[in-house]
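# from the sequence below, what's the structure:
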Amino acid sequence: MKKNIAIIMGGYSSEYEISLMSGNLVYNTLDKEIYNTYRIHIFENKWVFVNDMEEEFPVDKNNFSVLVNETKIEFDCVFNAIHGSPGEDGYMQAYFELIDMPQTSCSMYQAALTFNKRDLLSALKPYGIKTAESYYLNLGDCIDEDAIVAKVGLPCFVKANRAGSSFGISKVYKKDGLKVAVEKSFKEDSEIIIEQYLDGVEVSVGVILYKGETLVLPITEIVSENDFFDYEAKYLGKSQEITPARISEDYATKVRSAAKKIYENLGMKGFTRSEFIFKNDEPYLLEVNTVPGLTEESILPKQAKEANIPLKDLFGNAIEEALNK
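Numbers count the residues shown, from 1 in each chain. Below is the predicted model of the structure:
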């Protein structure tokens, strides 16, 4: 008997459009002979099932079911394709854990931890994961530009602490540019992380649970046409994403080891994509994404293809792992 799979997409953040693209790719790719698939749009003002005629049917939040023409649809598993809040920060994970619904991403704690860049980097330091020098600001704090420059130097990156896809990020070259960059980041989040600029090769490493084993996917080298790997570079073709990366075997071994260590030590599940920059021949972690992009332009699907894993198998395996755990 075919399983009913809810593919959740949308979300409450600036990333909702990318999430809809990811969710629709999953919907169009999953094997319809094995799964009954349903697109579920999750927005702040509505949770709805959207059928192929774009008709909407409300989701019952008590048990995550849908009533369609007097027929109640219950789900066996949820495929999480929500980037940002509430799909990547722990809220949806907590909800599904409470109603005992299998879902394809990591658990609540891991999602909340990895979504908070400041907390993640602090938690990983005891495991020997290298990170850039950083300075923290919360909304309402005094902006001490001299202290910031003394800690992280120039140029530096100003980032929203809890946002993805390079929303709210600026590269700052001069001290007098800090205030504008901080204000931009505060539009995305009430917490900010200001990081030292690392000048080196940037790579992205996908790690997944595949057929019961932790699998590190082929490494992608990021070469941005813009000043850094911003939204345009990620999604509008303003970058080269080269898989496999043009790095030495020594570099590849080090970054694979770091990505796998992060995945296993944090008790991750599902898909992750970790970003690193090499400095002094060592990989420095930038961030970990637990619901990485799954669009045609996204990195992890390209890495899976390089590893000879068809998208149908990649997505189907995520569901089977969730059902079996």
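
# please report how far residue 300 lies from residue 273.
5 Å (C-beta to C-beta, to the nearest Å). In short, each C-beta sits where N, CA and C put it, glycine included.

# any shared contact partners between the two?
Here residue 300 and residue 273 have 206, 292 as joint contacts, going by C-beta atoms under 8 Å, 6 or more residues apart in numbering.

# now do the same contact list for residue 117.
Taking C-beta under 8 Å, 6+ apart as the test, what residue 117 contacts is 159, 161, 162, 193, 287.

# could you redo the last one with a cut-off of 6 Å?
161, 193, 287 (C-beta atoms under 6 Å, 6 or more residues apart in numbering).

# farthest residue from the center of this protein?
Going by C-alpha atoms, centre = their mean, the residue of the chain most distant from its centre is residue 70, 36.6 Å out.

# quick check: the gap between that residue and residue 5.
Taking C-beta to C-beta, one finds residue 70 at 22 Å from residue 5.

# now do residue 291
16 Å.

# higher neighbour count, these two?
residue 291 (30 against 26; other C-beta atoms under 10 Å).

# right, and the more buried one touches residue 88 too?
Yes - under the criterion of C-beta atoms under 6 Å, residue 291 makes contact with residue 88 at 4.4 Å.

# burial of residue 97, as a residue count?
The number of residues packed around residue 97, counting by other C-beta under 10 Å, is 14.

# quick one: contacts for the nearest residue to it once chain neighbours are set aside?
With sequence-adjacent residues excluded and distances taken as C-beta to C-beta, 6 or more residues apart in numbering, residue 97 is closest to residue 108, at 6.0 Å. Contact partners of residue 108, counting by C-beta under 6 Å, 6+ apart, are 90, 93, 94, 97.

# show me which of those are buried.
For those, a neighbour count by 16 or more other C-beta atoms under 10 Å gives the buried set as 90, 93.

# from the contacts of residue 108, pick the one nearest residue 312.
residue 93 (24.8 Å; C-beta to C-beta).

# okay then, goodbye and thanks.
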